[in-house]
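Enquirer: everything below, folded, please.
(one chain, ligands or ions: 1)
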Amino acid sequence: MGSLHSRDSVAVITVLRNYGLDDVEIASNQEVIVSQLLVRRLCPHCREPKASGAVDQRYLERLGQDCPETVWDAPGCQACAGLGYLGRTAVFEVCSLGVDDHALILDGAPEQTLRRHLADTGHASLLDNGLRMAAEGVTTLAELRQAGLGLRARQQGRTS
Ligand SMILES: [Zn+2]
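Expert: The predicted model follows:
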């Protein structure tokens, strides 16, 4: 098991290629790739829905997503010392590589192709899961944005 930095699970393949591993080594060693992104957890005691703002709209637009009319926010209370956030949680992506994915890697397929193939087979990406957690009020779009989800390389990738 190893740990390395990459944007998401598919980006791990590129990182390994950059480390000098050839596609045969990568395809034979990567069965499951887990990515995680730590975010602050919205305070469950004072969270409430509010109208989405221009910043959330711009962020989702850049990601090619529709912006909901309401998003979760927390004004702060005694339980969260007025912060609106209480503790941390992680957005996960568990990427189990199938026979098709191994074949694509062996073909030297670019990240984009692997990403599209995984999406086509119903794989939930780090971004998908982060947006779902924001929609459920576990964390906020602001938190995902600050963590750079979908925008730049900040996540921790883990391989086994
Ligand atoms: Zn609170």
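
Enquirer: now the farthest one out in this protein, which residue is it?
Expert: When distances to the mean C-alpha position of the chain are computed (C-alpha atoms, centre = their mean), the maximum falls on Q78, with 30.5 Å.

Enquirer: ramachandran coordinates for it?
Expert: phi -60, psi -40 (degrees, to the nearest 10).

Enquirer: how about the helices of the protein, start to end?
Expert: Taking DSSP state H, the helices of the chain run over residues 9-18, 23-29, 54-62, 99-106, 111-120, 126-135, 141-146.

Enquirer: how much space between the residue farthest from the centre of the chain and E143?
Expert: 21 Å (C-beta to C-beta, to the nearest Å). Quick note: C-beta positions are derived from backbone N, CA and C, even for glycine.

Enquirer: repeat for S9
Expert: For S9, the distance to E143 - C-beta to C-beta - is 20 Å.

Enquirer: one more: L131?
Expert: 12 Å.

Enquirer: just G87 next, same as before
Expert: Applying C-beta to C-beta to G87 and E143 gives a distance of 12 Å.

Enquirer: between those two, which one's more packed in?
Expert: Taking neighbours as other C-beta atoms under 10 Å, G87 and E143 compare with E143 leading, 23 against 10.

Enquirer: got a list of what that one touches?
Expert: The neighbours of E143, taking C-beta atoms under 8 Å, 6 or more residues apart in numbering as the test, are 39-40, 42, 85, 134.

Enquirer: try 7 Å this time
Expert: 39-40 (C-beta atoms under 7 Å, 6 or more residues apart in numbering).

Enquirer: dead centre of this structure: give me the residue that sits there.
Expert: L126 (2.3 Å).

Enquirer: how close does that residue sit to V94?
Expert: Distance from L126 to V94, by C-beta to C-beta: 10 Å.

Enquirer: got it, and A27?
Expert: Taking C-beta to C-beta, one finds A27 at 18 Å from V94.

Enquirer: what do you get for G53?
Expert: Taking C-beta to C-beta, one finds G53 at 32 Å from V94.

Enquirer: ditto for C67
Expert: 27 Å.

Enquirer: got a list of what the nearest residue to V71 once chain neighbours are set aside touches?
Expert: Here the nearest residue to V71 in space, its sequence neighbours aside, is S52; by C-beta to C-beta, 6 or more residues apart in numbering that works out to 4.6 Å. Going by C-beta under 7 Å, 6+ apart, S52 touches 67-71.
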